[in-house]
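K.L.:
Curious how this folds, go ahead:
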Amino acid sequence: MTPIGGSGPELTSATVHEAADRIGALPSVIKPLSPDMHLEAPAFPVRVPPGDNLWLHRAVYAARRGEVLVVDTGGGLEYGYWGEILAEAAIARGLAGLVINGGVRDSRRLIELGWPVFAERLCVRGTAKNPRGDGELGEPVQLGDVIVGLGDLVVADADGVVCIPAASADDIRTRSIERERTETEYIQRLRDGETTVAIYGLP
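P.N.:
Sure, this is the predicted structure:
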């Protein structure tokens with residue numbers, strides 16, 4: 001999949017957060033199931049009723065290839081909204097991954113599949129599928145203090161998840177790459193004997 005803003009080096013969440021003037025960090029409790037999982041894709045927001053995953057089944061077929069599902073569970077954290085079956089369906093559809101402020105299950109199998117899953121917790125507790133449940137697809141959701149809209153840039157790795165407005169994605173990508181280059185130079189200077197105090201001009 002080509003990342004938002006075109007092809008290029010793999011972005012990291014910490015670098016993107018800094019390059020974007022420290023905006024967009026989702027709650028730090030949302031972590032990958034495996035530390036080598038990485039996401040860089042446009043968001044498809046999903047809002048589900050607490051304890052109900054019917055809207056996730058719908059989302060798998062509403063989202064476009066290459067999009068990542070970003071899911072607000074309405075505070076219903078103690079449920080396993082996502083597991084092996086939904087992951088297989090999402091992979092078949094070509095979706096990029098899942099970010100959810102709630103629980104997932106079948107974690108060992110999800111890790112074996114290698115499909116990126118970033119979740120607030122693991123939870124075996126099952127969910128309902130109420131056809132009259134109050135949910136939404138493609139409309140903005142709020143995770144922590146960040147509002148995630150359709151097409152926003154999601155970057156996620158072992159450190160956490162960052163979401164940047166789509167309108168800023170190309171600029172932030174460029175700034176992130178420049179920041180990575182600068183830090184590579186700093187590392188070489190440290191290896192050559194300079195100090196962080198001197199490099200950063202600290203008092």
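
K.L.:
any idea how far residue 14 is from residue 109?
P.N.:
In this view, residue 109 and residue 14 are 29 Å apart by Cβ to Cβ, to the nearest Å. Just so you know, the C-beta spots here come from the backbone N, C-alpha and C atoms, and that holds for glycine as well.

K.L.:
The two - which one has more neighbours?
P.N.:
residue 14 (17 against 13; other Cβ atoms under 10 Å).

K.L.:
Please name the spatially closest residue to the more buried one (chain neighbours excluded).
P.N.:
Once flanking residues are discounted, residue 14 sits nearest to residue 159: 5.1 Å by Cβ to Cβ, 6 or more residues apart in numbering.

K.L.:
Pull the contacting residues for that neighbour.
P.N.:
Neighbour list for residue 159: 12, 13, 14 [criterion: Cβ atoms under 8 Å, 6 or more residues apart in numbering].

K.L.:
I'd like to know which elements the longest helix along the chain is packed against.
P.N.:
Under DSSP state H, the helix in the chain containing the largest number of residues is helix 169-191. With contacts defined as 3 or more Cβ pairs under 8 Å, 6 or more residues apart in numbering; DSSP states H and E, the packing partners of helix 169-191 are helix 13-19, strand 153-157, helix 196-200.

K.L.:
Between strand 153-157 and that helix, find me the angle.
P.N.:
If you take axes from the mean of the first three to the mean of the last three Cα atoms, to 10 degrees, helix 169-191 sits at 30 degrees to strand 153-157.
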